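**Q** 3D model of this:
(one chain, ligands or ions: 1)
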Amino acid sequence: MKLFDVYPLFDVEIERGVACRTYDTNGVEYLDLYGGHAVISVGHSHPYFVKRLTQQAEKLLFYSNSVINRLQQELADKLGKLSGYDDYSLFLVNSGAEANENALKLASFHNGRKKVLAFRKSFHGRTSASVRVTDNPSIVAPINADMEVVFAPWNDLAAAQAILEQGDISSVIIEGIQGVGGIQIPDPEFLKGLERVCAQTGTVLILDEIQSGYGRSGKFFAHQHAGIRPGLITVAKGMGNGYPIGAVLISPEFKASYGLLGTTFGGNHLACVAGIAVLDIMKNEQLMENTTTVGNYLLTELKKLPGIREVRGQGLMIGIEFDQPVKEIRRRLLMEEKVFTGASGTTIIRLLPPLCLTLADADLFMSRFKKVLESQPA
Ligand SMILES: Cc1ncc(COP(=O)(O)O)c(C=O)c1O
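**A** The predicted structure is shown next:
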């Protein structure tokens with residue numbers, strides 16, 4: 001059987017990782033400024049993470065959600081404390097799209113409405129409701145197209161307010177920082193306004209923190225820079241440092257009932273241990289503080305470089321926008337300088353490194369990046 005060919009691949013096979021470095025099958029070392037798409041949060045194969053997962057694997061990998069699993073409560077307690085959302089409830093799933101799917105459903109169960117407000121350039125995943133609220137018609141299949149969604153312009157409170165005041169919107173879904181859309185940071189006043197108008201119109205505010213959350217912006221959630229508290233928050237990616245796990249954080253106004261939501265694999269023993277280990281490491285190694293320090297340093301250094309249209313970001317979620325396509329710069333960074341980066345669209349380089357990136361790693365990246373830019377034909 002061959003693989004269904006949906007991913008364009010670089011000719012590199014990674015077989016090992018340590019902190020912010022990965023190694024290919026020839027033993028060549030790469031600096032990881034992408035974390036496998038914002039997934040590696042506490043670092044590749046962190047020894048404590050590996051130890052906790054190994055110990056759990058030797059005991060029990062999985063049992064269903066029909067029996068007590070104390071690890072779920074331990075994860076919820078630690079997440080509540082570190083994120084500042086102790087009073088919320090946790091529903092555990094397996095991926096980002098699934099987290100958004102459940103959040104959109106929960107909002108609709110809650111207020112009985114069907115329509116969703118999303119934003120231009122949004123990305124929320126590839127399952128049915130999640131892909132429909134993603135602003136990319138080319139990945140929405142006909143089977144998903146009937147769900148009612150309105151896309152409003154980014155950072156335009158008046159436009160969103162006019163739509164919400166019609167009174168038929170179930171939820172507003174917005175990324176803490178748009179990732180796929182090109183590292184677009186919402187204005188704090190825009191988020192505060194959305195929170196206010198949602199409260200006035202009985203609309204649920206859903207913050208998709210799948211890419212921007214789990215410390216990546218320097219605070220646990222990017223929306224905490226604006227001081228808002230959404231009804232629902234979705235997480236995945238960095239939550240498991242490579243082990244698939246996602247979740248919805250649910251405000252106390254939502255009432256649970258048996259059978260309302262469910263999943264086979266969500267909240268399994270191994271996933272919970274991965275989630276617990278990530279939170280322990282984030283706390284013990286003060287990774288949010290590190291993210292702020294190293295992120296600010298990178299932003300400052302990148303802004304000094306000539307020939308770049310704009311550098312924007314928060315913490316270790318950084319976009320470097322050029323006037324021209326970045327494909328060749330990224331290819332040379334990887335193949336010649338052994339640095340992994342990501343892209344948004346054709347003209348933006350996206351940096352999403354593990355949160356343990358050091359200042360020395362940042363300097364190494366800067367010197368390799370400058371080398372590529374300086375020898376790049378105009
Ligand atoms: C903001 C955001 N939401 C949702 C998703 C979907 O997550 P997953 O690929 O785990 O389904 C992504 C993935 O890139 C994302 O960046």
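**Q** for residue 292, report the pLDDT, please.
**A** Model confidence at residue 292, given as pLDDT, is 98.
**Q** residue contacts, it?
**A** Contact analysis of residue 292 by Cβ atoms under 8 Å, 6 or more residues apart in numbering lists 218, 315. Placement of C-beta: from N, CA and C, glycine included.
**Q** name the SS class of it, please.
**A** Per DSSP: H, G, I helix; E, B strand; the rest coil, the local secondary structure of residue 292 is helix.
**Q** residue 313 now?
**A** Under three-state DSSP, residue 313 falls in the strand class.
**Q** you'd agree it is up against residue 184?
**A** No - contact criterion Cβ atoms under 8 Å: residue 313 and residue 184 do not qualify, at 10.2 Å.
**Q** shared neighbours, these two?
**A** Contacts common to residue 313 and residue 184, judged by Cβ under 8 Å, 6+ apart, are residue 177.
**Q** between these two, which has more neighbouring residues?
**A** residue 313 (22 against 18; other Cβ atoms under 10 Å).
**Q** any idea what that one is bridged to?
**A** When bridges are called by DSSP bridges, residue 313 pairs up with residue 318.
**Q** measure it to the ligand for me?
**A** As defined by Cβ to the nearest ligand atom, to the nearest Å, residue 313 lies at a distance of 15 Å from the ligand.
**Q** next, work out how far apart that residue and residue 54 are.
**A** 35 Å (Cβ to Cβ, to the nearest Å).
**Q** same deal with residue 365?
**A** 31 Å.
**Q** confidence score at the closest residue to the ligand within the stretch 51-200 of the chain?
**A** Across the stretch 51-200 of the chain, the shortest distance to the ligand (Cβ to the nearest ligand atom) belongs to residue 96, at 2.3 Å. pLDDT, residue 96: 98.
**Q** same deal with residue 378?
**A** 70.
**Q** does residue 346 really touch residue 328, like I thought?
**A** No - here residue 346 does not reach residue 328: they are 11.1 Å apart, not a contact under Cβ under 8 Å.
**Q** and the helices in the stretch 151-300 of the chain, which stretches?
**A** Using DSSP state H, counting those that start in this stretch, the helices of the stretch 151-300 of the chain run over 157-164, 188-201, 269-284, 287-303.
**Q** per-domain residue ranges of this protein.
**A** With domains defined by automatic domain parsing, the chain comprises 48-284, 287-325+332-351.
**Q** with distance to residue 361 as extra columns, can I get the ones you listed in a markdown table?
**A** Shown next, in a markdown table, are the domains of the chain (distance: least, Cβ to Cβ, whole Å):
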| stretch | distance to residue 361 |
| --- | --- |
| domain 48-284 | 16 |
| domain 287-325+332-351 | 8 |
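**Q** up against the ligand, what does the protein have?
**A** 95-97, 100, 123-125, 175, 179-180, 208, 210-211, 236 (Cβ under 6 Å from any ligand atom).
**Q** tell me which of residue 365 and residue 54 has more neighbours.
**A** Neighbour count, other Cβ under 10 Å: between residue 365 and residue 54, residue 365 has more, with 24 against 10.
**Q** next, the angle helix 287-303 makes with the helix or strand that contains the more buried one.
**A** In this structure, residue 365 sits in helix 359-374 according to DSSP states H and E. Comparing the axes of helix 359-374 and helix 287-303 via axes from the mean of the first three to the mean of the last three Cα atoms, to 10 degrees yields an angle of 30 degrees.
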